[in-house]
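1. the sequence and its predicted three-dimensional model are supplied below.
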Amino acid sequence: GQSLEQPSEVTAVEGAIVQINCTYQTSGFYGLSWYQQHDGGAPTFLSYNALDGLEETGRFSSFLSRSDSYGYLLLQELQMKDSASYFCAVRDTGSQGNLIFGKGTKLSVKP
Amino acid sequence: DSGVTQTPKHLITATGQRVTLRCSPRSGDLSVYWYQQSLDQGLQFLIQYYNGEERAKGNILERFSAQQFPDLHSELNLSSLELGDSALYFCASTPGRVQETQYFGPGTRLLVL
């Protein structure tokens, strides 16, 4: 089977940097995705890593280590609007290539 | 706005009833995915349709069914509803069969009383 582990909650202050980790166990692996979801809203795509290394998109970066089955999302210069849940997801060969989502990390940004 | 639409936004019904949720994908997208999100749970993949054909099944109950019509909109039918079916139901769409960037609709919040 497949599983993804990420912390349930993280709290940080405005302007700070926060890292949300994700470890995964899958029968096969294509890549790791990250989605953001505000309370009551729809998930929105943030990033995708298929290869090892760091991908940067503005204030957000995502990292993958395939050998460690590990990735993280790095949020810099935190803003209040970044308060949301963040989900990692894998496209697993065992699920006909469909996304399997982690349970999400609720990020609270304090002033 | 992702371009994916879902109706209705909210639905309140009673146990044992049947409801239909509707999803229209982004223009040009051929794949539609349905997800269930319960309180404190992540997104549970239910089913995927590609160009009218069922492509993949996840943790979908036998009481639930879906279809995709020739105009590519999709409907998720939930029957013999139970209290535990109360959840947010999202659909998402992608241009191709499998892609990491899924575009999610605003969801339908279902409350079964």
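-> Yes, it's here.
2. switch to C-alpha atoms for all contacts and neighbour counts from now on
-> Fine.
3. quick one: pLDDT of the residue of chain A found nearest chain B?
-> Using Cα to the nearest Cα, the single residue of chain A nearest to chain B is residue A:103, 4.0 Å away. On pLDDT, residue A:103 comes in at 92.
4. mind listing what the residue nearest to it when sequence neighbours are not counted touches?
-> Excluding the flanking residues, the one nearest residue A:103 by Cα to Cα, 6 or more residues apart in numbering or on different chains is residue B:42, at 4.0 Å. By Cα atoms under 8 Å, 6 or more residues apart in numbering or on different chains, the contact list for residue B:42 reads A:87, A:101-104.
5. of all those, which two lie farthest apart?
-> With Cα to Cα as the measure, no two of those lie farther apart than A:101 and A:104, at 7.9 Å.
6. circling back: next one: the residue nearest to residue A:103 from residue A:59, what distance?
-> In this view, residue B:42 and residue A:59 are 25 Å apart by Cα to Cα, to the nearest Å.
7. residues from chain A in reach of chain B?
-> A:33, A:41-45, A:48, A:87, A:91, A:95-104 (Cα under 8 Å from any Cα of the partner chain).
8. CA atoms only: put stretch A:28-44 into CSV for me.
-> Output in CSV follows, covering the C-alpha atoms of stretch A:28-44 (Å, rounded to 0.1, in the frame of the first residue of the first chain):
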residue,chain,number,x,y,z
GLY,A,28,6.2,2.9,-7.1
PHE,A,29,6.8,6.6,-7.5
TYR,A,30,6.5,9.3,-10.1
GLY,A,31,6.8,12.5,-8.0
LEU,A,32,5.6,14.6,-5.1
SER,A,33,3.1,17.3,-5.3
TRP,A,34,2.0,20.0,-2.9
TYR,A,35,-1.4,21.6,-2.6
GLN,A,36,-2.7,24.5,-0.5
GLN,A,37,-6.2,24.6,0.9
HIS,A,38,-7.7,27.6,2.8
ASP,A,39,-10.6,26.9,5.2
GLY,A,40,-13.7,26.2,3.2
GLY,A,41,-11.9,26.5,-0.1
ALA,A,42,-10.7,24.2,-2.8
PRO,A,43,-7.2,22.7,-3.0
THR,A,44,-4.9,24.6,-5.3
